[in-house]
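Asks: prediction below, plus the sequence it came from.
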Amino acid sequence: MSESANWDMLVVGGTVLTMEPGSEPIKSGAVAVADGRIAAVGPAEELLELSPSGDVLNAGNSIILPGLVNTHSHLAMTLLRGIADDIPLKEWLEQHIWPVESKYMNRETVRLGTELATAEQLLAGVTTTADMYFFGDEVSAVLAEAGMRGVVAESLIDIPTPRCATPEEMLEKQRKLLETYSSHPLITPSVAAHSPYSVSAANLVKEAELAEEYEVSMQIHLAETTWEVEKLLGEKGVSPVAYLADLGVLSERTVAAHCVHVSSEDIELLAEFEAGVSHNPVSNLKLASGVSPVPAMVAAGVKVGLGTDGAASNNTLDLLRDMQLAALLHKGIVGDPTVLPARTMLEMVTINGARVLGLENIGTLTEGREADLICVAVDGPHTAPMYDPFSHLVFAARSSDVRHVMIRGQVVVRNHELQTMDHERIEAQARELSEIVRSS
């Protein structure tokens, strides 16, 4: 524990879950913050005895834990929330989403959609979000202005997009984003290729080389549908995962979203190459893509985090809700109530989510790590009594219970209220745009 009591803030009034492996809950705990980092963690009584300087943030009978990490999303697609439901993925993309994006998604609408997504996630306790979409510079600017942490990529695909006419142009945009945000305190740039079936082998290799050159992650949709698997098997003779491995694209930098249709051999490859997987249970269920074999991946040692996907296929960015669904889903699918216990699920949205995205500076409340934390209230009828805080967060808590949110030492949500964004203005503009889209 730090000997100095010269702290900027002390968070008190709750049970602390540091999420360090093997750690126990600290009842009546406290977290000290200085210079945007965790300065000390321990019993509140002990830290208060040091007569600390700075402000005191009362957690108010909450569980204090690391901020939630959303490992896969398309933030601006909040503007397309509910625009096309109850449709298979291929039809959903080609006949509905891509045409609307082509017509309405530009720099201004991406900014608005990202603002809406950021407000939604902050209020729900998400402190770090991955994004693979377009206009990454605009996305990064919005996140930075709101004080939110992001892993942001310009997404490459071999067809014209709202951002670029050609893949070559997108590669230039990606490089510029990587250089602009190479040392930003909140934004970690990334590269992204849409999928193995929509990006050529040559461009997939270029993406991997760019990620290696700048030492960043590479986001990609992988093995999401049976159609994708059948297409790759028919054209390449191998599964999507094996195809990436054969190209030299699969690596510890890979953030593979979905991985629904993966064989035991595929899982071995993901573990061997230390790739990260983003599990997106709600999107996969809504599009009837299937259920990812997450218990098998976890047992094999694959890094697995949780993702919401975009709000057009979820239709929320409520990571806490998605964690609860995932915890129940896999018990029912496997037929074993011991599968993916509460602590394992909570690790997916904290320490393991950070690992999937290659972020070593967050994910636990550990002295020296950046101060990203949330306070989840447990003072409502649906959270009383509390025997196990891990179980409470996974099976009882709601996103509306998120009381305070801190990112890098800055309180961005205080007593359920956004401190860095005007969400009423954002919501009004989003509704105005929806009327234009609806009438077209």
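Replies: Yep, it's here. Fair warning: this is a prediction, and the values are worked out from it, not measured in the lab.

Asks: do a quick rundown of the strands in the stretch 1-150 of the chain.
Replies: Secondary structure of the stretch 1-150 of the chain by DSSP state E, counting those that start in this stretch: the strands cover 9-16, 26-34, 37-43, 55-66, 68-70, 126-133, 149-156.

Asks: can I get the ones you listed in TSV including distance to Ala288?
Replies: (Glycine included, C-beta is placed from N, CA and C.) Converted to TSV, those look like this (distance: least, CB to CB, whole Å):
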stretch	distance to Ala288
strand 9-16	39
strand 26-34	42
strand 37-43	42
strand 55-66	33
strand 68-70	22
strand 126-133	22
strand 149-156	24
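
Asks: take those strands and write them to TSV, including mean neighbour count.
Replies: Formatted as TSV, the strands of the stretch 1-150 of the chain follow (neighbours: other CB atoms under 10 Å):
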stretch	mean neighbour count
strand 9-16	24
strand 26-34	22
strand 37-43	20
strand 55-66	21
strand 68-70	30
strand 126-133	29
strand 149-156	28
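
Asks: of all these, which one is nearest Gly234?
Replies: Gly234 sits nearest to strand 149-156 of all these, at 23.5 Å, using CB to CB.

Asks: buried residues in stretch 241-261, which are they?
Replies: Across stretch 241-261, burial judged by 16 or more other CB atoms under 10 Å covers 241-245, 249-251, 253-261.

Asks: among those, which ones are in strands?
Replies: Thr254, Val255, Ala256, Ala257, His258 (DSSP state E).

Asks: tell me the one among these nearest to Pro66.
Replies: For those, the nearest to Pro66 is Val255 (19.0 Å; CB to CB).

Asks: what's the weakest-modelled helix or strand in the chain?
Replies: Sorting the helices and strands of the chain by mean pLDDT, DSSP states H and E puts helix 89-91 at the bottom, at a mean of 86.

Asks: just how off-centre is that helix within its chain?
Replies: 23 Å (CA atoms, centre = their mean, to the nearest Å).

Asks: touching that helix from outside, list them.
Replies: Under the contact criterion CB atoms under 8 Å, 6 or more residues apart in numbering, helix 89-91 has outside partners Glu224, Thr225, Trp227, Leu287, Ser289.

Asks: who's the residue nearest the centre of the chain bridged to?
Replies: Nearest residue to the geometric centre of the chain (CA atoms, centre = their mean): Asn70, 1.3 Å. Per DSSP bridges, the residues bridged to Asn70 are Thr129.

Asks: tell me how far Gly14 lies from Ala275.
Replies: Distance of Gly14 to Ala275, given as CB to CB, to the nearest Å: 35 Å.

Asks: go on, Pro281?
Replies: Separation of Pro281 from Ala275 (CB to CB): 19 Å.

Asks: do I have it right that Ile36 meets Asp372?
Replies: Not quite, residue 36 is Gly, not Ile. No: judged on CB atoms under 8 Å, Gly36 makes no contact with Asp372 at a distance of 9.4 Å.

Asks: who has more neighbours, these two?
Replies: More neighbours surround Asp372 than the other of Gly36 and Asp372, with 30 against 15 (other CB atoms under 10 Å).

Asks: could you find the closest non-adjacent residue to His75?
Replies: Actually, residue 75 is Leu rather than His. Ala117 (3.8 Å; CB to CB, 6 or more residues apart in numbering).

Asks: tell me where the model's unsure across this protein.
Replies: 1-4 (pLDDT under 70).

Asks: domain map for it?
Replies: 9-66+372-408, 68-356 (automatic domain parsing).

Asks: sorry, back to before: format the contacts of helix 89-91 as CSV; extra columns: distance to Gly29.
Replies: Shown next, in CSV, are the contacts of helix 89-91 (distance: CB to CB, whole Å):
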residue, distance to Gly29
Glu224, 40
Thr225, 44
Trp227, 49
Leu287, 41
Ser289, 41
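
Asks: now render the residues you listed as CSV, adding neighbour count and distance to Met323.
Replies: Output for these, formatted as CSV (neighbours: other CB atoms under 10 Å; distance: CB to CB, whole Å):
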residue, neighbour count, distance to Met323
Glu224, 26, 20
Thr225, 23, 23
Trp227, 14, 28
Leu287, 25, 19
Ser289, 22, 19
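
Asks: and the two most separated of these?
Replies: Pairwise over those, using CB to CB, the maximum falls at Trp227 and Leu287, 11.3 Å.

Asks: over to the residue lying closest to Met105 once chain neighbours are set aside: give its phi and psi.
Replies: Closest residue to Met105 apart from its sequence neighbours, by CB to CB, 6+ apart: Pro162 at 4.2 Å. When read as degrees, to the nearest 10, the backbone of Pro162 gives phi -60, psi -20.

Asks: check contacts around Pro162.
Replies: Glu101, Ser102, Met105, Asn106, Val110, Phe134, Phe135.

Asks: equivalent analysis for Val260, please.
Replies: Ala223, Glu224, Thr225, Asn284, Ser289, Gly290, Val291, Ser292.

Asks: apply 10 Å and report the result again.
Replies: Going by CB atoms under 10 Å, 6 or more residues apart in numbering, Val260 touches 222-226, 228-229, 279-281, 283-284, 287, 289-294.

Asks: among those, which are in helices?
Replies: Using DSSP state H, the subset of those located in helices is Thr226, Glu228, Val229, Pro281, Ser283, Asn284, Val294.

Asks: check the burial of the residue nearest to the fifth one when sequence neighbours are not counted by counting its neighbours.
Replies: Put plainly, it is Ser283. Leaving aside its sequence neighbours, Ser283 sits nearest to Asp309 (CB to CB, 6+ apart; 3.5 Å). The local packing count at Asp309 equals 27, with neighbours defined by other CB under 10 Å.

Asks: and the one 5 residues further on, by the same measure?
Replies: Each residue near Asn314 was counted by other CB under 10 Å, and the total is 25.

Asks: how close does it sit to Ser283?
Replies: Asn314 is 5 Å from Ser283, by CB to CB.

Asks: which residues are common contacts for those two?
Replies: Contacts common to Asn314 and Ser283, judged by CB under 10 Å, 6+ apart, are Ser73, Gly307, Thr308, Asp322.

Asks: residue contacts, Arg398?
Replies: So Arg398 contacts Ala124, Asp318, Leu320, Arg321, Gln324, Val376, Ala377, Gly380, His382, Thr383 (CB under 10 Å, 6+ apart).

Asks: try 8 Å this time
Replies: Per CB under 8 Å, 6+ apart, neighbours of Arg398: Leu320, Arg321, His382.

Asks: part of a helix, is the last one?
Replies: So that's His382. Yes: with DSSP: H, G, I helix; E, B strand; the rest coil as the criterion, His382 is assigned to a helix.

Asks: now do the contacts for it.
Replies: Ala396, Arg398.
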